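Participant: heads up, no residue letters with this:
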Ligand SMILES: [Fe+2]
């Protein structure tokens with residue numbers, strides 16, 4: 001937290017995060033999310049027209065040597081590629097340690113959790129609801145609603161994020177738009193992690 005003057009307060013909104021020049025900001029557009037959606041024809045078709053933002057995030061990783069806290073905010077746009085909802089890349093915490101919590105502020109969604117034995121759990125995200133994940137579970141969030149899904153995340157400092165495992169193997173489950181709402185289906189492109 002070397003770049004902040006402590007203590008500090010700011011609004012827990014995308015605007016509040018954006019107004020803080022010390023916050024890391026990144027956006028993920030479809031062109032760099034090709035490996036995370038299952039319908040390649042749909043990806044190609046959308047990219048022929050535009051390159052939409054799938055999600056963006058702000059984060060402040062604690063860099064000091066004390067017992068600080070890392071935190072951030074993510075905003076996933078509403079939308080689908082084929083019938084698969086917009087999602088984050090998702091990641092494991094490399095050492096399996098370091099729990100994380102997400103507090104949903106706006107929108108509707110799901111979080112998919114995955115252990116190293118390839119067991120999947122799904123939890124609902126809605127405004128005012130907090131989800132807590134033990135450090136050994138990979139987490140990916142999915143916007144199943146019609147407005148942006150906005151949530152704040154908090155995690156311990158010095159976590160190493162492993163994005164490669166999910167990029168290589170995919171997630172065993174996909175969340176798609178069904179006749180009556182979101183459905184969890186098996187991912188035909190999933191390849192074993194171990
Ligand atoms: Fe995480």
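Facilitator: That came through, no problem. These numbers were taken from a predicted model, which means no experiment stands behind them.

Participant: so who does the nearest residue to residue 145 once chain neighbours are set aside touch?
Facilitator: Spatial nearest neighbour of residue 145, excluding adjacent residues (Cβ to Cβ, 6 or more residues apart in numbering): residue 108 at 3.4 Å. Bear in mind the C-beta positions are built from the backbone N, C-alpha and C, glycine included. Contact analysis of residue 108 by Cβ atoms under 8 Å, 6 or more residues apart in numbering lists 125, 126, 143, 144, 145, 147, 149.

Participant: can you select the buried ones from those in ChimeraX?
Facilitator: Of those, the buried ones can be selected in ChimeraX as follows, counting by 16 or more other Cβ atoms under 10 Å:
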select :125,143,144,145,149
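
Participant: for the residue nearest to residue 145, give its distance to residue 146.
Facilitator: 8 Å (Cβ to Cβ, to the nearest Å).

Participant: give me the low-pLDDT residue ranges for the chain?
Facilitator: Within the chain, the stretches with pLDDT under 70 are 1-4.

Participant: can you pull out the helices in it?
Facilitator: Secondary structure of the chain by DSSP state H: the helices cover 14-18, 40-49, 164-169.

Participant: just send those helices back as JSON lines, with distance to residue 189 and mean neighbour count too.
Facilitator: Shown next, in JSON lines, are the helices of the chain (distance: least, Cβ to Cβ, whole Å; neighbours: other Cβ atoms under 10 Å):
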{"stretch": "helix 14-18", "distance to residue 189": "32", "mean neighbour count": "16"}
{"stretch": "helix 40-49", "distance to residue 189": "9", "mean neighbour count": "13"}
{"stretch": "helix 164-169", "distance to residue 189": "9", "mean neighbour count": "15"}
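
Participant: in JSON lines: these, plus distance to residue 95.
Facilitator: Formatted as JSON lines, the helices of the chain follow (distance: least, Cβ to Cβ, whole Å):
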{"stretch": "helix 14-18", "distance to residue 95": "27"}
{"stretch": "helix 40-49", "distance to residue 95": "33"}
{"stretch": "helix 164-169", "distance to residue 95": "13"}
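
Participant: ok, which of those helices comes nearest residue 158?
Facilitator: helix 164-169 (18.8 Å; Cβ to Cβ).

Participant: next, name the residue at the spatial heart of this protein.
Facilitator: residue 88 (3.8 Å; Cα atoms, centre = their mean).

Participant: now do the same contact list for residue 151.
Facilitator: Neighbours of residue 151 in contact, by Cβ under 8 Å, 6+ apart: 73, 74, 102, 103, 104, 105, 109, 125, 141.

Participant: let's see it at 10 Å
Facilitator: With contact taken as Cβ atoms under 10 Å, 6 or more residues apart in numbering, residue 151 is in contact with 57, 72-76, 101-107, 109, 111, 125, 127, 129-131, 141.
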